[in-house]
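A.B. asks: Quick one, what's the 3D model for this:
(chains A and B)
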Amino acid sequence: MAGYRGKFKGLIDGALTLPLVLPPTVVGFLLLILFGKNGPLGKLLMALGTSVIFSWPATVIAAAVVAFPLMYRTVRSAFEQIDQNIIYAARTLGVSEWKIFWKITIPLSWPGVAAGTVLAFARALGDFGATLMIGGNIPGRTLTIPAAIFFAAEGGEMRKALIWVILIFIISLIVMTLMNYWTDYQRKMIAHNGRK
Amino acid sequence: MVDIQKKLPDFKLEVSFEAGLEVLGLLGASGSGKSMTLRCIAGIDTPDSGKIVLNGRTLFDSKRGINLPCRKRNLGFLFQNYALFPNMTVEDNIGFGIENRKREDKLAIIKGMVRMIKLEGLEKRYPSQLSGGQQQRVALARALAIKPEALLLDEPFSALDDYLRSHMIEQLTETLSDYQGVTLYVTHNMEEVYSICNQLVVLSRGGIEAKGGTKEVFRAPPSLVSARLTGCKNFSVAKYISAFEFVALDWGINITTTSEISRNIECVGIRAHTLTLALDEENDIVFKCWLKFASEAPSRMTVYLAVQKDSGGQGNQQIQWEITKQMWLDLKDKPQPWKLRINPEDLIIIKA
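C.D. replies: Predicted coordinates:
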């Protein structure tokens, strides 16, 4: 995508970023239509004898869809920051695109990939609207932490809500810290002259 | 053999030349299309039309619809900013293009290359831990490791300081003398071209201004642009008088030549270092001039001279003269006007 320069670039780019700007409930609604009993993907799944609506895979799909644009945008900008001459140099050496991607593009844009992962993780963890729309809030199956906090607080169970809040605090902090250390380590491996 | 056309934002690139085993230099100002030419040959950019053939192998032919991808062209490309892989060590950089070889072969090639660029002991370093000159050598080794059929050098030394540059030029000349393949050398630096390349193509705004043996082109550049790019500083509009005489209008000097000149002479040039002080009234080309100002460089002086007294009002044609510091010390207190002599052999005569 970073290398693609066609006239549809803007459109494709916009479509891939859309879940970021749409309200989560809209995304959830669209997913509901898509995966619902009469939706195209829903019908396909029905034919295979399953359904995802109001099951745990639904929450995964919802979280992935709303988090994807963050990942996409950060990774893309990391790709774009790589000095193109490095890629060209690899090509003139007769190396396949696949190997260039895994051995050069990915390592060189690692900080960006890591940042994207963190952002996407945060967004996925915190999603409420889209998940609720297609996952529902079935305890033990599709109840995510933000939803649990909401329903606990609404039901007056402040202690229960607080426990969830503390839990989400701890998870977020651990993930962010690990990511920071890992990125620092990677950055040391990548010399400064690899970027423009 | 290269013969390509490509439309660029400012002009149309139209070049065609042939390169043998001698180093061919592409000289041009920045934005003249010389780097683009190299990138088209390497397959990084695609020409609009034309063909590129290397040792009988067609790399690009718009008529036959051939356009080999970069990685199948088997060319070594040396980038101005080296473009080393920063996440790999020196040996991994050099070995990256030959990873499908047998392990022993690969290690042997890497070892040989490291020895050639005199970086023994630094194999495990990362590019950021090397100096600019060392990085440049790694880049050269990486390009040569794949045994390319042609080596393309894109202003390889422009990012190096002067001392390192002359040192690297010496090393490169040595390395290239062992290399059995076509070498193209792109630069805007006439001194590099002169010392490295045997054959020369001068480019300006996408077109070829001159081509031929380097020494030949420097001695008699066929056009104003090529004369400028090869370092000529002084030009005057010329007007034909007779077969052996013309007048340099801007300088106001009548010039008699030893060889016959063409009727459509347009312009005359003289290199700044070829002027000499006239000893006595020789019946050569001698003119009087007055000092306007002098500018000092570390190793020499550039003296700006006015040819006609008080010419400041019109034309304002100056002549640049490069002399040694010692000569300047001897000269500066001498009464003006000074008398300078042009050796007719040094004249650059440009036809319309």
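A.B. asks: Identify each buried residue in the helix or strand that contains residue B:13, please.
C.D. replies: Element membership for residue B:13 (DSSP states H and E) is strand B:12-17. By neighbour count with 16 or more other C-beta atoms under 10 Å in any protein chain shown, strand B:12-17 contains the buried residues B:13, B:14, B:15, B:17. Placement of C-beta: from N, CA and C, glycine included.
A.B. asks: and the second one, what does it touch?
C.D. replies: Read that as residue B:14. Residues in contact with residue B:14, defined by C-beta atoms under 8 Å, 6 or more residues apart in numbering or on different chains, are B:4, B:5, B:206, B:207, B:208.
A.B. asks: pLDDT-wise, what's the bottom of these?
C.D. replies: The lowest pLDDT within the contacts of residue B:14 belongs to residue B:5, with 71.
A.B. asks: I'd like the distance between that residue and residue B:291.
C.D. replies: 49 Å (C-beta to C-beta, to the nearest Å).
A.B. asks: ok, now residue A:154?
C.D. replies: Using C-beta to C-beta, residue A:154 is found at 93 Å from residue B:291.
A.B. asks: Who has more neighbours out of those two?
C.D. replies: Neighbours were counted for residue A:154 and for residue B:291 using other C-beta atoms under 10 Å in any protein chain shown; residue B:291 has more, 16 against 9.
A.B. asks: Let me know the pLDDT of the residue in the stretch 101-250 of chain B positioned nearest to chain A.
C.D. replies: Taking C-beta to the nearest C-beta, chain A has its nearest neighbour within the stretch 101-250 of chain B at residue B:128, 3.0 Å off. As predicted, residue B:128 sits at a pLDDT of 86.
A.B. asks: what sits against the closest residue in space to residue A:90 that isn't next to it in sequence?
C.D. replies: Nearest residue to residue A:90 in three dimensions, chain neighbours excluded: residue A:100, at 4.7 Å (C-beta to C-beta, 6 or more residues apart in numbering or on different chains). Residues counted as contacts of residue A:100 (C-beta under 8 Å, 6+ apart) are A:87, A:90, A:91.
A.B. asks: filter those to the buried ones?
C.D. replies: For the contacts of residue A:100, buried by 16+ other C-beta under 10 Å: A:87, A:90, A:91.
A.B. asks: max-length helix in the chain?
C.D. replies: Went with chain A since none was named. Criterion DSSP state H: the longest helix present in chain A is helix A:158-189.
A.B. asks: other chain: chain B
C.D. replies: helix B:162-178.
A.B. asks: how distant is it from the center of its chain?
C.D. replies: Its chain's C-alpha centre and that of helix B:162-178 lie 15 Å apart, by C-alpha atoms, centre = their mean, to the nearest Å.
A.B. asks: what does that helix contact?
C.D. replies: With C-beta under 8 Å, 6+ apart, helix B:162-178 has contacts from B:23, B:116, B:132-133, B:136-137, B:140, B:144, B:151, B:156-157, B:160, B:183, B:192, B:195-196.
A.B. asks: make it 10 Å
C.D. replies: Residues from elsewhere that reach helix B:162-178 (C-beta atoms under 10 Å, 6 or more residues apart in numbering or on different chains): B:22-23, B:78, B:116-118, B:131-134, B:136-137, B:140-141, B:144, B:151, B:153, B:156-161, B:179, B:183, B:185, B:189, B:191-192, B:195-197, B:298.
A.B. asks: Could you look up the SS state of residue B:97?
C.D. replies: When classified by DSSP: H, G, I helix; E, B strand; the rest coil, residue B:97 comes out as helix.
A.B. asks: how many neighbours does it have?
C.D. replies: 26.
A.B. asks: Please tell me how far it sits from chain A.
C.D. replies: 3 Å (C-beta to the nearest C-beta, to the nearest Å).
A.B. asks: my guess is that residue meets residue A:94, correct?
C.D. replies: Yes. With contact defined as C-beta atoms under 10 Å, residue B:97 counts as touching residue A:94 (5.6 Å).
A.B. asks: Find residues that contact each of the two.
C.D. replies: With C-beta under 10 Å, 6+ apart as the test, residue B:97 and residue A:94 both reach B:71, B:74, B:146, B:148.
A.B. asks: If we ignore the residues flanking it in sequence, what's nearest the third one?
C.D. replies: Of all residues not flanking residue B:146 in the chain, residue B:97 sits nearest, at 4.2 Å (C-beta to C-beta, 6+ apart).
A.B. asks: Noted, bye for now.
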